[in-house]
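Provided below are the primary sequence and the corresponding predicted coordinates.
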Amino acid sequence: MTLVFATNNENKVKEIRSMLGDHFSIITLKEAGIDIDIPEPHDTLEDNAREKSSVIYEMTGKNCFSEDTGLEIDALNGAPGVLSARYAGEQKLADDNITRVLHEMDGQENRQAHFRTVISLILNGKEYQFTGVCPGTILTERRGGKGFGYDPIFVPIGAKKAFAEMDIAEKNQYSHRAKALQQLITFLKEAATKPLS
Ligand code: IMP
């Protein structure tokens, strides 16, 4: 089975491709010849994920999925949350976003946070969602040069390294995206054995 992955984020594509195995494959928006910046107008990850998969389903008529991810920090009442990409402005610059978070967390003792990923799958016209959560802590300064987004300031529970100090296989052992994707893979494997309803 081939699915369109409704994203322009090459890092997400790499992480997801590294987990797919032989069960199914994805084509990216670029590979599908689609060049749009899909809007994220809603105030929940669930609604934004649905928006992205619906837009691409309407454009292509093909089975597809999207994902929306947020970093939710306890001491900031869940911020940056759904605003994670634009936390320091519409330019969506990861380094500026990190600077804002480090500033707001300055002197804060409670550094607990989690990443949450919501995947929205549209299979034969019907939508299904899968959620993955990765708990961890926010560092007081950047560490590592791998990954993307907030990876340099997030250490998952059970690890000693920041995400940005891990290669993709190691990040996948902990990550929100990997957990949500695992559920998607299990669902698709089951769906492949059942007749269409
Ligand atoms: P979106 O899901 O592309 O809207 O991502 C929201 C924000 O979270 C962006 O700033 C991303 O760079 C960041 N982000 C998404 N996934 C991850 C991740 O796995 N690690 C670190 N930052 C992430």
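Good, I have the coordinates.

can you give me the strands for this structure?
Along the chain, the stretches classed as strands by DSSP state E are 2-5, 25-28, 64-73, 80-81, 112-123, 126-138, 154-156.

what strands flank the longest one, and is each parallel or antiparallel?
So that's strand 126-138. If you go by DSSP bridges, strand 126-138 pairs up with strand 112-123 (antiparallel), strand 154-156 (antiparallel).

who touches the residue lying closest to residue 183 once chain neighbours are set aside in this structure?
Spatial nearest neighbour of residue 183, excluding adjacent residues (C-beta to C-beta, 6 or more residues apart in numbering): residue 130 at 4.0 Å. To be clear about C-beta, it is placed using only N, CA and C from the backbone, and glycine gets the same treatment. If a contact means C-beta atoms under 8 Å, 6 or more residues apart in numbering, then residue 130 has 118-119, 121, 180-181, 183-184, 187 as its contacts.

how about the strands of the chain, which one is nearest the ligand?
Minimum separation from the ligand across those (C-beta to the nearest ligand atom) falls at strand 64-73, 3.8 Å.

is the ligand contacted by that closest one?
Yes: for strand 64-73, a contact with the ligand is found by C-beta under 6 Å from any ligand atom, at 68-69, 71.

just name the most buried of the strands of the chain.
Highest mean neighbour count among the strands of the chain (mean count of other C-beta atoms under 10 Å): strand 64-73, with a mean of 25.

neighbours around the residue of the chain found nearest the ligand, how many?
At 2.3 Å from the ligand, residue 149 is the closest residue in the chain, using C-beta to the nearest ligand atom. By other C-beta atoms under 10 Å, the residues close to residue 149 number 21.

mind listing what it touches?
Contacts of residue 149 (C-beta under 8 Å, 6+ apart): 11, 71, 84, 94, 97.

closest one of those residues to residue 134?
residue 71 (9.8 Å; C-beta to C-beta).

isn't that closest one right next to residue 117, touching?
No: in this structure, residue 71 is not within contact of residue 117 by C-beta atoms under 8 Å, at 10.6 Å.

what mean pLDDT does stretch 35-43 get?
Averaged across stretch 35-43, pLDDT comes to 90.

and that stretch, end to end?
Using C-alpha to C-alpha, to the nearest Å, the end-to-end distance of stretch 35-43 comes out at 24 Å.

for the residue nearest the centre of the chain, give me its contacts.
Most central in the chain under C-alpha atoms, centre = their mean is residue 69, positioned 4.0 Å from the mean C-alpha point. By C-beta under 8 Å, 6+ apart, the contact set of residue 69 is 45, 84, 115-118, 176-177.

how does it look with 6 Å?
residue 117 (C-beta atoms under 6 Å, 6 or more residues apart in numbering).

and for residue 118?
With C-beta under 6 Å, 6+ apart, residue 118 has these contacts: 45-46, 49, 68, 129, 131.

could you redo the last one with a cut-off of 7 Å?
45-46, 49, 67-68, 129, 131, 180 (C-beta atoms under 7 Å, 6 or more residues apart in numbering).

near the ligand, which residues of the protein?
Counting by C-beta under 6 Å from any ligand atom, the chain comes close to the ligand at 9, 40, 68-69, 71, 84-85, 94, 97, 115, 147-151, 163, 175, 177.
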